[in-house]
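Q: When you get a sec, could you give me coordinates for this:
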Amino acid sequence: MGLTIERDAYMGMVGKEIGVSSWHLVDQGRIDAFADATEDHQFIHVDPERAARETPFGATIAHGFLTMSLLSVFSYEALPKIGGATMGVNYGFDRLRFVSPVRAGSRVRGRFTLTEATMRKPNELLSRTSVSVEIEGEQRPALVADWLGLVYFA
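A: Numbering: from 1, shown residues only. Got it, this is the predicted structure:
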């Protein structure tokens, strides 16, 4: 997004949609690279012919964790930067569901709504963001989650 906002302005965005990323292609090459990185070569991900023949998906599908990992690039694109922040870290998920499969060749994007922003310490902000990963042309999302992050200030 490139937009930088002050901490108080960010905290004032609770309850609002704060960003939507661009569309990203999840093609077989990306799925195969993820399979190699995670050593998860289940045929539903890496064998297009067998997946078409033996699964209800009709094609290979992305690993759920691949879809989840794309949240990072989506957030870099869509979310504002907070002025004075020195770093941000993943704190986890309170709820994560893989709702619909992402078939090879699909495009996906992230949608973010800030649901909580609380100063836990003078230099530490806890954010809770409701995220969904939309699949282009599909009604149901690929993923929904409550994503927790910690933002640190000098």
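Q: Longest strand in this protein, by number of residues?
A: strand 106-121 (DSSP state E).
Q: now for that strand, which elements pack on it?
A: In this structure, strand 106-121 packs against helix 7-11, strand 17-20, strand 24-26, helix 71-78, strand 124-135, with contacts taken as 3 or more Cβ pairs under 8 Å, 6 or more residues apart in numbering; DSSP states H and E. (Each C-beta comes from the backbone N, C-alpha and C, glycine too.)
Q: and the ones you listed, which is most packed in?
A: Across those, averaging neighbours per residue (mean count of other Cβ atoms under 10 Å) puts strand 124-135 on top, at a mean of 20.
Q: on that earlier part again, relative to strand 124-135, how tilted is the longest strand of the chain?
A: Using axes from the mean of the first three to the mean of the last three Cα atoms, to 10 degrees, the direction of strand 106-121 lies 170 degrees away from that of strand 124-135.
Q: Give me the phi and psi angles of residue 138.
A: phi -110, psi 150 (degrees, to the nearest 10).
Q: That one and residue 100 touch, don't they?
A: Yes. Applying Cβ atoms under 8 Å, one finds residue 138 in contact with residue 100, separated by 6.3 Å.
Q: Compare these two (neighbour count), which wins?
A: residue 100 (19 against 15; other Cβ atoms under 10 Å).
Q: Settle this for me: the more buried one is touching residue 140, isn't it.
A: Yes. Taking Cβ under 8 Å as the definition, residue 100 is a contact partner of residue 140 at 4.5 Å.
Q: Distance of the most centrally placed residue in the chain relative to residue 112?
A: When the chain is reduced to its mean C-alpha position, the closest residue under Cα atoms, centre = their mean turns out to be residue 71, at 2.2 Å. Plainly put, residue 71 is 9 Å away from residue 112 if you go by Cβ to Cβ, to the nearest Å.
Q: joint contacts of these two?
A: With contacts taken as Cβ atoms under 8 Å, 6 or more residues apart in numbering, residue 71 and residue 112 have residue 131 as neighbours in common.
Q: so where's the protein uncertain?
A: For the chain, the stretches with pLDDT under 70 are 1-2.
Q: For it, give the helix that spans the most residues.
A: Taking residue count as the measure and DSSP state H as the definition, the longest helix of the chain comes out as helix 28-38.
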